[in-house]
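Peer 1: Here you go, sequence then predicted model.
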Amino acid sequence: MDLAGFKRAIEGLKIEENPVLVKQKSRDFYWYSPVLKRQLENVTADLVVNPQSEEDVVRICAAAFVHGVPLTPRGAGTGNYGQAMPLSGGAIVNLADMVKLKSIAGGTVVAEAGAILEQVDNATRAAIGEEMRIHPSTYRTASIGGFIGGGSGGVGSVRWGGLRNLGNVLRIRLVTCEAVPRILDLTGEDLHKAIHAYGTNGIITEVEIPTTGAYDWVDVIVAFDSVMDAVHFSETVGHADGMLVKEVAPIAAPVPFDYFPRHKKFYRREQSIVVLMAAPFAVDPLAILAARAKGEIAYRSDKASAEESKGLPPAYELGWNHTTLRALRVDPSITYLQTQYADAAALEQMMKRFGDEVPMHCEVIRFNGRPALAGLPLLRFTSEERLEEIIRIHEDNGVKVFNPHRYTLEEGGMKQTDRIQLDFKKEADPKGLLNPGKMIAWDDPSFDFEARRSYIFPGIREVA
Ligand code: FAD
């Protein structure tokens, strides 16, 4: 890598070289995983470049190609698989200054990649009374480009499914890393090339997504004495045709009491809860379903007094990876898994098997048209060997595990080569400079995913 040549070629662009600041921007939430923390603790970029426009991104990509400099795109750095960490050094391309909203009309919004999700929603609400269909629980900090590059689904997925479902992303505009970088507008089948590709095959500059009717969502917590009653209630709500909800998350006792300190006054330690966001008119019908399921409404934001609601985070910040974050704040030895259960019986089997070593947390998401239980169970970490064993037992029992303790696309995903993303990388990043080490199929086409060994990117550059 000829860093000096690269710097000369991008002269005039906003660059940061202070090693402390560069290291800060070389990090995401990788420390969620004790395994990634050990593996990635010492990786850092050489510099950060902050493009202000698509033309700047084109210049950066052209210069990187000529001078052999790895580029790792960064939105807000809230990914938690080390996705945004520059394994081979080089430059972080920080999209944080590219935040313009280009258009809001006809049920869609076009935003520059660095736009923060909450700000996108604020703007669409003000302009057309609509909001995004899906957002991660990092809504208040994450960027729209980072969500599409590194996320999968989130709040709203109970109704709309995930980012990969056709219709949830309409257009992705990206810049390739070639001698003469191309600017491509991907639509239709081509969208899959860049959704959840960790920026390995293009730098997204702009996205277009659909919006949907905005509501003043009511935060609701329903408490249950039996954890399986909480799970069955969650499924019932997911299936209830007339119920407009944006979030449904069952969480097993004692997690809500031990790790949600501001909410614990609403329920007892032995109670499991379901966290929901419901349209205002859906809360009363929801209360009927809760009563039928032996649940008690422990909290509803529309009826709570100002005193009761004071200082409470929004309900979505109890779900998704925020459940893990809250547990980690109390007990730093906690980590988590990402799983998919065939049904509630499969989930119950794992709960019985692991008890309080793997406390249950699920999100109800729409999968192939039907609500399904996606797990983000907590895990009381003791050793990497035990972690691997727990994963293996899940898989041996037919539970899918999307391993959040790996930094590669494949190991954190379907454990197989994604031909479409690989083929696109060959054409869009022929020198393999975009986020090196994150796509096994590019680095080691013969890697055996069945062998259950962890892939270690040989190009990791550690800096003391
Ligand atoms: P970054 O972390 O900066 O980047 C993510 C990935 O995308 C990286 O590989 C990066 O290289 C790439 N990338 C970033 N910008 C671009 C670009 N312009 N072009 C190409 N590639 C790019 N994820 C979910 O899906 N759902 C959730 O509900 C959710 N909840 C979370 C809760 C917590 C507490 C935490 C820590 C994480 C959570 N995440 C969740 C993961 C993450 O917050 C989201 O996926 C988020 O949308 C990432 O956005 P970001 O701007 O922080 O991206």
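Peer 2: Cool, the structure landed. Numbers count the residues shown, from 1 in each chain.

Peer 1: And the strands in the stretch 51-200 of the chain, which stretches?
Peer 2: 71-74, 91-94, 101-105, 108-112, 130-132, 171-175, 183-186 (DSSP state E, counting those that start in this stretch).

Peer 1: does any part of the shortest one sit near the ligand?
Peer 2: No. Strand 130-132 lies apart from the ligand when judged by Cβ under 6 Å from any ligand atom; the minimum separation is 11.4 Å. Just so you know, the C-beta spots here come from the backbone N, C-alpha and C atoms, and that holds for glycine as well.

Peer 1: And for that strand, what's in contact with it?
Peer 2: Here strand 130-132 makes contact (Cβ atoms under 8 Å, 6 or more residues apart in numbering) with 107, 109, 117, 120-121, 124-125, 156, 209, 211-214.

Peer 1: Which of those residues fall in helices?
Peer 2: The helices, defined by DSSP state H, take in 117, 120-121, 124-125 from the contacts of strand 130-132.

Peer 1: Need the buried ones from the residues you listed selected in PyMOL.
Peer 2: Remark: buried members of those, expressed as a PyMOL selection using 16 or more other Cβ atoms under 10 Å:
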select buried, resi 117+120+121+124
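
Peer 1: Do you have the strands of the stretch 351-464 of the chain handy? List them.
Peer 2: Counting by DSSP E, counting those that start in this stretch, the strands of the stretch 351-464 of the chain are 362-367, 370-375, 378-380, 400-401.

Peer 1: ok, the shortest one: who's next to it in the sheet?
Peer 2: Pointing back at strand 400-401 there. strand 339-340 (antiparallel) (DSSP bridges).

Peer 1: How about residues contacting the partner strand?
Peer 2: Counting by Cβ under 8 Å, 6+ apart, 350, 367, 372-377, 394, 399-402 sit against strand 339-340.

Peer 1: Quick one: name the residues of this structure near the ligand.
Peer 2: 28-29, 72-80, 83-84, 95, 113, 136-138, 142-143, 145-147, 149-154, 198-199, 203-204, 320-322, 325, 435.

Peer 1: Among those, which are located in helices?
Peer 2: Using DSSP H, the residues of the chain next to the ligand in helices are 145-147, 149-150, 320-322, 325.

Peer 1: got CSV for those, with pLDDT too?
Peer 2: Below are these laid out as CSV (pLDDT from 0 to 100):
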residue, pLDDT
145, 98
146, 98
147, 98
149, 97
150, 96
320, 98
321, 97
322, 98
325, 97
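
Peer 1: PyMOL command to pick out the buried ones of those residues?
Peer 2: With 16+ other Cβ under 10 Å as the burial test, the buried ones among those are selected in PyMOL as follows:
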select buried, resi 145+146+147+149+150+320+321+322+325
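
Peer 1: what about the nearest residue to residue 452 once chain neighbours are set aside, neighbour count?
Peer 2: Of all residues not flanking residue 452 in the chain, residue 392 sits nearest, at 7.4 Å (Cβ to Cβ, 6 or more residues apart in numbering). The tally of other residues near residue 392 (other Cβ atoms under 10 Å) stands at 12.

Peer 1: From residue 385, how far out is residue 392?
Peer 2: 11 Å (Cβ to Cβ, to the nearest Å).

Peer 1: so who does the residue nearest the centre of the chain touch?
Peer 2: With distances taken as Cα atoms, centre = their mean, residue 151 lies nearest the centre of the chain, 3.5 Å away. By Cβ under 8 Å, 6+ apart, the contact set of residue 151 is 79, 136, 142, 163, 196.

Peer 1: how about low-confidence regions in this protein?
Peer 2: Scanning the chain for pLDDT under 70 picks out 464.

Peer 1: ok, so of the contacts of strand 130-132, who is nearest residue 184?
Peer 2: residue 209 (17.4 Å; Cβ to Cβ).

Peer 1: what's the closest non-adjacent residue to residue 261?
Peer 2: Closest residue in space to residue 261, ignoring its immediate chain neighbours: residue 330 at 7.7 Å, by Cβ to Cβ, 6+ apart.

Peer 1: Same question for residue 281.
Peer 2: Counting by Cβ to Cβ, 6+ apart, the residue nearest residue 281 is residue 244, at 7.6 Å.

Peer 1: Could I get the contacting residues of that neighbour?
Peer 2: Counted by Cβ under 8 Å, 6+ apart, residue 244 has contacts 159, 215, 278-279, 281-282.

Peer 1: And the helices in the stretch 201-350 of the chain, which stretches?
Peer 2: All helices of the stretch 201-350 of the chain, identified by DSSP state H, counting those that start in this stretch, fall at 227-239, 255-259, 283-292, 306-309, 320-330, 344-354.

Peer 1: With distance to residue 361 as added columns, please give these in TSV.
Peer 2: As requested, the helices of the stretch 201-350 of the chain are exported to TSV (distance: least, Cβ to Cβ, whole Å):
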stretch	distance to residue 361
helix 227-239	11
helix 255-259	7
helix 283-292	19
helix 306-309	23
helix 320-330	5
helix 344-354	11
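
Peer 1: Switch the strands of the stretch 351-464 of the chain over to a markdown table, and while doing so, append mean neighbour count and distance to residue 180 to every line.
Peer 2: Below are the strands of the stretch 351-464 of the chain laid out as a markdown table (neighbours: other Cβ atoms under 10 Å; distance: least, Cβ to Cβ, whole Å):
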| stretch | mean neighbour count | distance to residue 180 |
| --- | --- | --- |
| strand 362-367 | 23 | 41 |
| strand 370-375 | 20 | 42 |
| strand 378-380 | 21 | 47 |
| strand 400-401 | 17 | 42 |
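
Peer 1: With distance to residue 102 as extra columns, can I get those in CSV?
Peer 2: What follows is the strands of the stretch 351-464 of the chain, written out as CSV (distance: least, Cβ to Cβ, whole Å):
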stretch, distance to residue 102
strand 362-367, 29
strand 370-375, 32
strand 378-380, 40
strand 400-401, 38
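
Peer 1: out of those strands, nearest to residue 34?
Peer 2: With Cβ to Cβ as the criterion, residue 34 lies closest to strand 378-380 of these, at 9.9 Å.
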